[in-house]
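Student: From the sequence below, what's the structure:
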Amino acid sequence: MKLFGRYIALPFVALAVLDSLLFFAVLYALSLNHHCSVCYFGSLVTLRLYEVALLTAAFLMIATSVGLYNRDAVQDFPTFLKRFFLSWELIFVPAVAFVAMTKVAAGLPFGWYVGILSLAIALFMLLLFSIRVLMVWCLRLPFVKKRILILGEGRKADVTAAFIAGPGRSHLSFVKIMPPPERWSPVGASMGGTLALKLQPDMTTQILSTARALRIDEIIVAVEDPESLPMWELLECKLSGIDVLEYVAFWEREVGQIDFTCVGPGWFAFSDGFLINQPRRLLKRVVDFVISFAFLVVMLPVILAAMLAIKLDSPGPVFYRQERVGLNGKTFKVWKFRSMRCDSEQDGIPRWATVADDRVTRVGRFIRMVRIDEIPQIINVLAGDMSFIGPRPERPFFVEELHRQIPYYGLRHRVKPGITGWAQVNYPYGASIEDAKRKLAYDLYYVKRNEVFLDFTILIQTVRVILFAQGAR
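Tutor: All right, here's what the predicted structure looks like:
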């Protein structure tokens, strides 16, 4: 389904909605002490309807931020368990601490209240866990999957089939790859050089008859030569209620990437998105300033602790400034906490960071793992050189090399670089040309969409990346 201009798989939406409704219903019922004389929880707290709604929203944000509704949490049970118990802790610990402090402040014996609250949260999470397992099992049943026919042959068709048949595609079912038939023309007459179309009701064509026989819900067109397509047959399929989607659009919808190796400049010019106007830039600038200033205030203790640890761990400055490429190719100096030795590039040759890089200090390894080293970039956001969310800024040396080897690489510089971004939360730290290509596919998706809802999604997903130390080097 499409939500705020972005495609989200229906099963993940259904899981989030079910969890939220269950949380809302249980919390609202338990807090109605004037309706339920035996509800012990009602003596602990009485909540109004809007308070229950706010707490439900907070619960959904926590569950989403730890990745409970991501594909890997559905396809891999240990991953689901890890994230489920983490979300439990993020709900349980603050709630119990809050109740304990309020009861102590009121001079009440808080032990009983904390016990009832702990029992209520434990029972709810157990119920939530049971329903989640049951629903995931139901989502894997054949009748709830969208049946896919791939029209084409070659690399695109093979890649699409492998993706659909892979793990975590609980909403899709790969049925068949069908080579495109010879071009077909409908019954019609030439009128001024055009064809007067005379499609008959229930006109059966080769593609349509195959799709109906296989009970196909969607046709993915993955041909190497679009000019050879039987367009009228595809139109007839669409008129008969079968979705028809081109390969690049399918990849964008399902993976959140743009396969730029299969498109030309015309596709970028005529596709929806890539709209970066002045009102949108102004709104993003205001949001960036507010979020960055609030984040700076909240993270001040962490910043001071990191500065002290870096100074004690190795000789050299606390901060590290390095030239990066920003909006429209303009260079600027980025601020970061120093995580490497001062002589890491004494030969003057820039190098990619690698796994277990020996140039990284002990404290540097930790702050890179939890992304604390990125915090000083808030200075760049406040100065206007960066946005809070956007493509990762690269060094000029690497940008020149990537420009030569990767088509459309310069498009990622049409928006401000960011501290976090769509590529950063979906792909680990890049350390090669191939990594840069993969990350560009995500960056182009962000440049194409560049909307508030996507920024909010990235912000939430960044919490998951930090909590599980994903992609750090």
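Student: now the strands: where do they sit in this structure?
Tutor: 2-3, 6-7, 146-151, 172-178, 188-191, 194-197, 218-221, 243-246, 319-325, 331-337, 387-389, 418-420 (DSSP state E).
Student: tell me the mean pLDDT over the fifth one?
Tutor: So the one you mean is strand 188-191. Averaged across strand 188-191, the pLDDT comes to 40.
Student: likewise the third one?
Tutor: Per-residue pLDDT over strand 146-151 has a mean of 93.
Student: In that strand, which residues are buried?
Tutor: R147, I148, L149, I150, L151 (16 or more other C-beta atoms under 10 Å). From N, CA and C alone the C-beta is placed, and that goes for glycine too.
Student: before we move on, the earlier item: any idea which of the strands of the chain is most buried?
Tutor: Greatest average neighbour count among the strands of the chain goes to strand 387-389 (a mean of 27), per mean count of other C-beta atoms under 10 Å.
Student: Outside of that one itself, list whatever touches it.
Tutor: 284-285, 287-288, 291-292, 295, 381, 415-421, 455, 458-459 (C-beta atoms under 8 Å, 6 or more residues apart in numbering).
Student: Neighbouring strands - and their directions - for it?
Tutor: Looking at strand 387-389 with DSSP bridges, its partner strands are strand 418-420 (parallel).
Student: roughly how far out does the partner strand sit from the chain middle?
Tutor: Distance of strand 418-420 from the chain centroid (C-alpha atoms, centre = their mean, to the nearest Å) equals 14 Å.
Student: do stretch 158-174 as well
Tutor: From the chain centre to the centre of stretch 158-174 is a distance of 19 Å (C-alpha atoms, centre = their mean).
Student: Would you agree K103 is in contact with F110?
Tutor: Yes: between K103 and F110 there is a contact under C-beta atoms under 8 Å: 3.4 Å.
Student: Roughly how far does V93 sit from L127?
Tutor: Going from V93 to L127 by C-beta to C-beta, to the nearest Å gives 20 Å.
Student: Apologies, that question was intended for P317.
Tutor: For P317, the distance to L127 - C-beta to C-beta - is 53 Å.
Student: same check, this time on N450
Tutor: Counting by C-beta to C-beta, the gap from N450 to L127 is 40 Å.
Student: what residues are up against D158?
Tutor: Neighbours of D158 in contact, by C-beta under 8 Å, 6+ apart: I177.
Student: my bad, W251
Tutor: W251 neighbours (C-beta under 8 Å, 6+ apart): T160, Q257, I258, D259.
Student: wait, doesn't the third one sit right on Y445?
Tutor: Okay, so that is I258. Yes: between I258 and Y445 there is a contact under C-beta under 8 Å: 5.2 Å.
Student: quick one, which of these two is more surrounded?
Tutor: Neighbour count, other C-beta atoms under 10 Å: between I258 and Y445, I258 has more, with 27 against 23.
Student: which residue sits closest to the more buried one, ignoring its sequence neighbours?
Tutor: L444 (4.2 Å; C-beta to C-beta, 6 or more residues apart in numbering).
Student: domain assignment for the chain?
Tutor: 2-139, 145-183+201-255, 278-467 (automatic domain parsing).
Student: for those, which one sits closest to W267?
Tutor: Taking C-beta to C-beta, domain 145-183+201-255 is the member of these nearest to W267, at 7.1 Å.
Student: what about that closest one, start to end distance?
Tutor: This stretch, domain 145-183+201-255, spans 17 Å end to end (C-alpha to C-alpha, to the nearest Å).
Student: Also stretch 369-378?
Tutor: So stretch 369-378: terminal residues 18 Å apart, C-alpha to C-alpha.
Student: Quick one: mean pLDDT over that stretch.
Tutor: Average pLDDT, stretch 369-378: 89.
Student: Now do it: everything it contacts.
Tutor: 292, 295-296, 299, 302-303, 306, 319, 334-337, 339, 364, 366-367, 386, 419-420, 465-466, 469, 472.
Student: how far does that stretch sit from the chain's center?
Tutor: 20 Å.
Student: if we can go back for a sec, format the contacts of W251 as CSV; extra columns: distance to L245 and pLDDT.
Tutor: Below are those laid out as CSV (distance: C-beta to C-beta, whole Å; pLDDT from 0 to 100):
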residue, distance to L245, pLDDT
T160, 10, 93
Q257, 15, 92
I258, 15, 93
D259, 13, 92
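Student: The residues you listed: which two are farthest apart?
Tutor: T160 and I258 (15.0 Å).
Student: The residue lying closest to M299 once chain neighbours are set aside: how many residues sit nearby?
Tutor: Take M299 and drop its neighbours on the chain: the residue closest to it by C-beta to C-beta, 6+ apart is I375, 5.9 Å away. If you count neighbours by other C-beta under 10 Å, I375 ends up with 19.
Student: circling back: which one of the contacts of W251 has the most neighbours?
Tutor: When neighbours are counted by other C-beta under 10 Å, I258 leads those with 27 neighbours.
Student: With V415 as the reference, measure out to it.
Tutor: 14 Å.
Student: Residue ranges in the stretch 201-350 of the chain under the pLDDT threshold?
Tutor: Scanning the stretch 201-350 of the chain for pLDDT under 70 picks out 201-204, 344-350.
Student: Please repeat the previous calculation with a cut-off of 80.
Tutor: Low-confidence segments of the stretch 201-350 of the chain (pLDDT under 80): 201-205, 225-228, 277, 343-350.
Student: What segments of it are helices?
Tutor: Counting by DSSP state H, counting those that start in this stretch, the stretch 201-350 of the chain has helices at residues 206-213, 231-239, 247-255, 265-270, 278-298, 300-313.
Student: tilt between the second one and helix 206-213?
Tutor: Spelled out, that is helix 231-239. Angle, helix 231-239 to helix 206-213, by axes from the mean of the first three to the mean of the last three C-alpha atoms, to 10 degrees: 30 degrees.
Student: ok so, going back, closest to F85 among the buried residues of strand 146-151?
Tutor: I148 (34.6 Å).
Student: pretty sure that closest one contacts M178?
Tutor: No: contact between I148 and M178 fails when scored by C-beta under 8 Å: they sit 11.0 Å apart.
Student: any shared contact partners between I258 and Y445?
Tutor: Contacts common to I258 and Y445, judged by C-beta under 8 Å, 6+ apart, are E252.
Student: Tell me the buried residues within the contacts of strand 387-389.
Tutor: So, by 16+ other C-beta under 10 Å, the buried ones in the contacts of strand 387-389 are 284, 287-288, 291-292, 381, 415-421, 455, 458-459.
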